[in-house]
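S.K.: Build the 3D model from these lines:
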Amino acid sequence: MIVLDTHIWVWWAHGGEQLTPKQIEAIAANETDLIGISAISCWEIAKLTAYARLELPSPLEEWFEQALSYPGVQILALTPEIAIESTRLPGEFHRDPADQIIVATARVYGCPLVTSDGKILHYPYVRTVY
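M.R.: You can find the predicted model right below:
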């Protein structure tokens, strides 16, 4: 399994033109396994569209229905274990709570996080695919 960062999920759902070759390869390799989406990514996308910082090609409800129907995609719940891990990330990590939860999700599941976020890519305590 891999976990997709919010922006990677959006890019992939919109055709993947912004994805790197390694990201495309990681997603394609996991379509027969699991592609995890942190539940917080749904909230992030809803907030970004509400603030007009993200424009989707269809109404939010339709977009989620389609983006969650891709092969292997599964929403990963915000469990107490993930919530606790997000507050105990080792080393120094920035204060964005959504990023903390996404990183904690990948750590709890023991799988790589597909991201282009420089702050996460420089964080040594999570495996990433860039």
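S.K.: can you pull the contacts of residue 42?
M.R.: Neighbour list for residue 42: 64, 75 [criterion: Cβ atoms under 8 Å, 6 or more residues apart in numbering]. For the C-beta atoms, the positions are set from N, CA and C on the backbone; glycine is no exception.
S.K.: mind running it again at 10 Å?
M.R.: The contact partners of residue 42, taken as Cβ atoms under 10 Å, 6 or more residues apart in numbering, are 6, 9, 60, 64, 67, 68, 75.
S.K.: can you pick the most crowded of those residues?
M.R.: Highest neighbour count within those: residue 9, with 25 neighbours (other Cβ atoms under 10 Å).
S.K.: Please look at it and residue 45 and confirm they touch.
M.R.: Yes: counting by Cβ atoms under 10 Å, residue 45 is a contact partner of residue 9 at 7.9 Å.
S.K.: just to revisit the earlier point, biggest separation within the contacts of residue 42, which pair?
M.R.: The most widely separated members of the contacts of residue 42, counting by Cβ to Cβ, are 60 and 75 (15.2 Å).
S.K.: Run a quick check on residue 88 versus residue 104, I expect a contact.
M.R.: Yes: contact criterion Cβ under 10 Å: residue 88 and residue 104 qualify, at 8.4 Å.
S.K.: who's more crowded, the two?
M.R.: Legend: neighbour count by other Cβ under 10 Å for residue 88 and residue 104, higher for residue 104 (25 against 9).
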